[in-house]
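Engineer: Okay, predicted coordinates and the sequence, questions at the end:
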Amino acid sequence: MNSDARILVVDDKQSFCFIIKGYLEDAGYQVACAASGTEALAELEQVRFDLILSDMVMPGMDGLELLRQVRSRTSQIPFVLATAHGSVDSAVAAMKEGADDYLLKPLHRDELLLVVERLLEQAKIRMNYNQMLDAEREKFSFQNITSNSPAMGKTLAAARQVAASPRTTISLHGESGVGKEVLARAIHIASGQNMTSFVAVNCAAIPETLLESELFGHVKGAFTGADSERAGKCSRARGGTLFLDEIGDMPLSLQPKLLRLLEERVYEKVGSDRPIPADFRIIVATHRNLDECCEQGTFRRDLYHRLNIFPIAIPPLRDRREDIAQLAEQFLNSLRKHQGKPLPGLSQAALDQLLAYDWPGNVRELRNLLEYATIITSGDLIQPEHLRLQEQSPPFLEEQANGRISLTFNFSSEEFSLDAVNRQVMEWALAQSNNNKSSAARLLKASRKLFY
């Protein structure tokens, strides 16, 4: 029971207010009384109440009009209407206007306390839920994604621009850990959609046999083990965003169904032939080169073109080093907030190491590395020895000032062979070309067939 809760009782009969106030105060609540709707509104201007209990029939402003006035100001305060003239029609009218419950006079003490306790508990849960959504909205909004990098600035500008078109399909490209889902959530929020209608699916993490049901849902008896009907992710995303991460790993067998969803804006549950409207935006993300996947036959070319309506590339962290210091401070502030204790800052020597590092795991690696460092650091500052950085090999290829190219190999005598040398050169070229075989072949002045 919330003993700090304030309750406003509104009734033109003083005897009723006296009795109800006694019931509620004995139960530990703080109670104020108002003799009319106008007086109640004046009280609400001065004091924050957690629940209102009002008579339906009063001279001047009746209970329904008071309810309308309160709901025009807030939808958060639980409102209970009570009357001695109960009917189905009046109860329906009360609920349509936004009443949370409807009681008949004379009020029974136990029934009243049960209703009050239930509504206050529901309001508390709703408030906590809304606070959580507000925190999520703040965490993933564009205002929380700051950058000093020109490359990232272009990415954010494009994302803000397409957010204004809430049904345009978007494809996000970038290495693992660059923040593709973070950007997808920011686009979703900027589109004015509810946080709860952002639904993420990792196409690489769900077995092929389950992915179709996970996405579209199924009807009872659709397959062995389908004992009841189930709504899929598409249903949960209604009015919002369906985020398909690692789209390059979607099985070929499912790709035609995704293509139909994109083209006709409908889908069907497994085991059903009834089309369901797809009232949501689709954002896909991948670290793969989908054009290369099409050439290899693992991804449909028509689906690729349908997904590639508005592509956005997210640069890796090593290409936006001017953001590292700002991101590090942002992560440390977040860790301080969630761990609820003072945490160390970042020394200049440690920052210098972060700036020089190549970040194969990108922004995700930076965040994880700093969380580890804050745990093992006992002083006021994180020092280089607290950073769990991966050892980096010297540059494999360096271009000399005279225009010549220097290659550095590092093999054991057992590993060394012509095939090993060729493989390392080809892997380097692919890494430089974002896994694009045609670009890698041009870089090495070689035939593309070499890479197959």
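Structural biologist: Perfect, thanks for sending it.

Engineer: Now stretch 223-237: buried residues?
Structural biologist: Neighbour counts over stretch 223-237 (16 or more other CB atoms under 10 Å) mark Arg230, Gly232, Lys233, Cys234, Ser235, Ala237 as buried. C-betas here are computed from N, CA, C, even on glycine.

Engineer: Centroid-nearest residue for the chain?
Structural biologist: Arg185 (5.0 Å; CA atoms, centre = their mean).

Engineer: can you map out the strands along the stretch 151-300 of the chain?
Structural biologist: 170-173, 198-202, 241-245, 266-267, 276-277, 281-286 (DSSP state E, counting those that start in this stretch).

Engineer: How about the stretch 1-150 of the chain?
Structural biologist: So, for the stretch 1-150 of the chain - with DSSP E, counting those that start in this stretch - the strands run 6-10, 30-34, 51-55, 79-83, 101-104.

Engineer: mind putting these in JSON lines, mean pLDDT and distance to Arg301 included?
Structural biologist: Putting the strands of the stretch 1-150 of the chain into JSON lines (pLDDT from 0 to 100; distance: least, CB to CB, whole Å) gives the following:
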{"stretch": "strand 6-10", "mean pLDDT": "95", "distance to Arg301": "64"}
{"stretch": "strand 30-34", "mean pLDDT": "95", "distance to Arg301": "68"}
{"stretch": "strand 51-55", "mean pLDDT": "94", "distance to Arg301": "60"}
{"stretch": "strand 79-83", "mean pLDDT": "90", "distance to Arg301": "58"}
{"stretch": "strand 101-104", "mean pLDDT": "89", "distance to Arg301": "58"}
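
Engineer: which regions of this protein sit below the pLDDT cut-off?
Structural biologist: Applying pLDDT under 70 to the chain picks out residues 1-3, 86-88, 195, 341, 391-403, 410-415, 434, 451-452.

Engineer: try it again with 80
Structural biologist: 1-3, 84-93, 130-140, 193-196, 338-342, 390-416, 419-420, 424, 427-439, 448-452 (pLDDT under 80).

Engineer: In it, where's the longest helix?
Structural biologist: helix 109-140 (DSSP state H).

Engineer: May I see the buried residues of it?
Structural biologist: In helix 109-140, counting by 16+ other CB under 10 Å, buried: Leu112, Leu113, Val115, Val116, Leu119, Leu120, Ala123, Arg137, Phe140.

Engineer: give me phi/psi at Phe223?
Structural biologist: Torsion angles at Phe223 (phi, psi; degrees, to the nearest 10) stand at phi -160, psi 170.

Engineer: Now for Glu45, how many residues are close by?
Structural biologist: As a burial measure, Glu45 scores 7 neighbours (other CB atoms under 10 Å).

Engineer: same check, this time on the one 10 residues further on
Structural biologist: Applying the criterion other CB under 10 Å, we find 22 residues in the vicinity of Asp55.

Engineer: I'd say it and Leu66 touch.
Structural biologist: No - using CB atoms under 8 Å, Asp55 is not in contact with Leu66; the gap is 9.3 Å.

Engineer: Residues that sit against both of these two, list them.
Structural biologist: Listed contacts common to Asp55 and Leu66 are Val10; contacts here mean CB atoms under 8 Å, 6 or more residues apart in numbering.

Engineer: If you drop the residues flanking it in sequence, what lies closest to the residue nearest to the centre of the chain?
Structural biologist: Take Arg185 and drop its neighbours on the chain: the residue closest to it by CB to CB, 6 or more residues apart in numbering is Phe140, 3.9 Å away.

Engineer: Pull the contacting residues for that neighbour.
Structural biologist: Val182, Arg185, Ala186, His188, Ile189.

Engineer: same check, this time on Ser439
Structural biologist: Ser433.

Engineer: Tell me who's in contact with Ala237.
Structural biologist: Here Ala237 is in contact with Ser197, Phe198, Val199, Phe280 (CB under 8 Å, 6+ apart).

Engineer: now do Leu335
Structural biologist: Leu343, Leu370, Glu371, Thr374.

Engineer: now it: how far from Asn144?
Structural biologist: Applying CB to CB, to the nearest Å, the value for Leu335 to Asn144 is 15 Å.

Engineer: before we move on, what about Glu43?
Structural biologist: 39 Å.

Engineer: any idea how far Val57 is from Glu111?
Structural biologist: 20 Å.

Engineer: Also Met95?
Structural biologist: Separation of Met95 from Glu111 (CB to CB) stands at 18 Å.
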